[in-house]
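no sequence for this one, just the structure:
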Ligand code: NAP
């Protein structure tokens, strides 16, 4: 029997690692990408192997011209690619719009929005017109910042995620007739190292404390929503942005 495969961008730590772990436990062979976090990628693989799962790390930037093709080819080497999760994301340094550098804006839009769009494009090119073997779906990881706007922190990041949500809604309508579902999860502040990378390691605890639930999410709580969207229980869900944000709107 052909194995079913899931592709997760940005799986070397944080939310991506938790998504990899859940999809492996669900029985998928998983390919995940990363750009530089070799140690983290090794840990993700070790964690998956400990649960008896099959997982492969691929060093591949979503912004590489041939990135989407390479990651999909690596996935199809393992079997029938049926799930794609666009999780890779960056914020750039925290600050007001007046201080942001051009290369930060360009990089954030390129990774978060253009990268996700190019992966989606490559996937639907392969999936459209193929006989449907199983439920096939794409889940994009957005951010509640798409709605709050992240003033004073990273408005450019919020704008990139608003684009991810429009991409999700529009693409879902385009490809529904081909049996492909496209959804997004919109996490609130989650306890990962993304905040330290943005320059404020205490941010998750501080912002989480101001949310209605009074704490940040842990990565597995976001991964649980991503996993659900890939299941047949979500078979009538497409074009949806699912908030997992502790009550922040
Ligand atoms: P994280 O801990 O910094 O992990 C990001 C992952 O993406 C890493 O594996 C990183 O690996 C990879 N990555 C970054 N740029 C990449 C690129 N160009 N190509 C391929 N992989 C790349 O971040 P996280 O907090 O888990 O965030 C995951 C997603 O959730 C992001 O889309 C983020 O915007 C979203 N999100 C996070 C929060 C939060 O509070 N944490 C809230 C809302 C939404 P390398 O460093 O090796 O590239």
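It's in. It should be emphasised that the depicted structure is a prediction, and the values quoted were computed from it without experimental measurement.

Now do the strands in this protein.
Under the criterion DSSP state E, the chain carries strands at the ranges 4-8, 29-34, 55-59, 80-86, 136-141, 180-187, 241-244.

Quick one: those strands as CSV, columns for mean pLDDT, distance to residue 197 and mean neighbour count too.
C-betas here are computed from N, CA, C, even on glycine. Listed next are the strands of the chain as CSV, based on pLDDT from 0 to 100; distance: least, C-beta to C-beta, whole Å; neighbours: other C-beta atoms under 10 Å:
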stretch, mean pLDDT, distance to residue 197, mean neighbour count
strand 4-8, 97, 19, 27
strand 29-34, 98, 14, 26
strand 55-59, 98, 18, 19
strand 80-86, 98, 19, 25
strand 136-141, 98, 16, 27
strand 180-187, 98, 16, 26
strand 241-244, 98, 21, 18
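
I'd like those strands as TSV, with distance to residue 69 appended.
Formatted as TSV, those follow (distance: least, C-beta to C-beta, whole Å):
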stretch	distance to residue 69
strand 4-8	12
strand 29-34	12
strand 55-59	12
strand 80-86	13
strand 136-141	16
strand 180-187	18
strand 241-244	27
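
And residue 23, how close does it get to residue 147?
27 Å (C-beta to C-beta, to the nearest Å).

Which one's more surrounded, those two?
Set side by side, residue 23 and residue 147 show more neighbours around residue 23, with 28 against 18, by other C-beta atoms under 10 Å.

Distance to the ligand added to the strands of the chain, as JSON lines?
Below are the strands of the chain laid out as JSON lines (distance: least, C-beta to the nearest ligand atom, whole Å):
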{"stretch": "strand 4-8", "distance to the ligand": "9"}
{"stretch": "strand 29-34", "distance to the ligand": "4"}
{"stretch": "strand 55-59", "distance to the ligand": "8"}
{"stretch": "strand 80-86", "distance to the ligand": "8"}
{"stretch": "strand 136-141", "distance to the ligand": "4"}
{"stretch": "strand 180-187", "distance to the ligand": "4"}
{"stretch": "strand 241-244", "distance to the ligand": "9"}
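
That'll do, ta.
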